[in-house]
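Enquirer: Provided below are the primary sequence and the corresponding predicted coordinates.
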Amino acid sequence: MKSTLIIGCGALGHYAIKLYPKSYTIHAISRSPNSQEAFLNDHLTIQKLLYQCRWVNFWLPPSADNYLSILKSFILQLSSEHLLTFISSTSVFGSNPREIYEQTLTAPQTNNAKILVE
């Protein structure tokens with residue numbers, strides 16, 4: 001059976017879970033105390049989950065003080081066999097309404113957007 005890992009399973013994650021094929025086992029971690037408690041009670045570690053899950057979704061919002069260190073630490077644990085889905089934010093481009101392309105320069109105005117640009 002295929003498995004996927006969602007780190008940062010908030011509103012987007014809960015919606016996305018419904019769209020996954022029924023053949024997938026989904027492991028989801030959020031910042032809620034219930035999710036963290038269930039994760040710890042299962043005695044699963046990120047390393048064990050990464051071994052089981054080749055499709056990894058990093059959807060954690062950049063509001064944590066240690067967001068960059070969490071992201072860097074997590075990415076260093078991935079292998080070339082992993083498929084990573086990273087959800088960011090269009091706020092890194094500022095608030096001016098315009099079309100955005102890959103070449104568009106960033107213009108972050110909020111703290112979260114500035115963290116994402118780092």
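Expert: Sure thing, it's come through. A quick note: this is a predicted structure, and the numbers were derived from the prediction, not measured. Numbers count the residues shown, from 1 in each chain.
Enquirer: What part of this structure, helix or strand, is modelled with the least confidence?
Expert: Sorting the helices and strands of the chain by mean pLDDT, DSSP states H and E puts helix 33-41 at the bottom, at a mean of 57.
Enquirer: give the contact list for I26.
Expert: Taking CB atoms under 8 Å, 6 or more residues apart in numbering, we find I26 in contact with S3, T4, I6, I17, Y20. Glycine gets a C-beta too; all of them are placed from N, C-alpha and C.
Enquirer: what are the phi and psi values for it?
Expert: phi -110, psi 130 (degrees, to the nearest 10).
Enquirer: do the same with W55
Expert: Torsion angles, degrees, to the nearest 10, at W55: phi -100, psi 120.
Enquirer: Just give the number of residues close to the closest residue to it other than its chain neighbours.
Expert: Closest residue in space to W55, ignoring its immediate chain neighbours: T4 at 4.3 Å, by CB to CB, 6 or more residues apart in numbering. Residues within reach of T4, counting by other CB atoms under 10 Å, total 22.
Enquirer: so T4 sits right up against C53, yeah?
Expert: Yes. Contact criterion CB atoms under 8 Å: T4 and C53 qualify, at 5.5 Å.
Enquirer: hang on, the earlier thing: which neighbouring elements make contact with the helix or strand where the residue nearest to W55 lies?
Expert: If you go by DSSP states H and E, T4 is part of strand 2-7. In terms of contacts (3 or more CB pairs under 8 Å, 6 or more residues apart in numbering; DSSP states H and E), strand 2-7 is packed against helix 11-17, strand 24-29, helix 46-52, strand 55-58.
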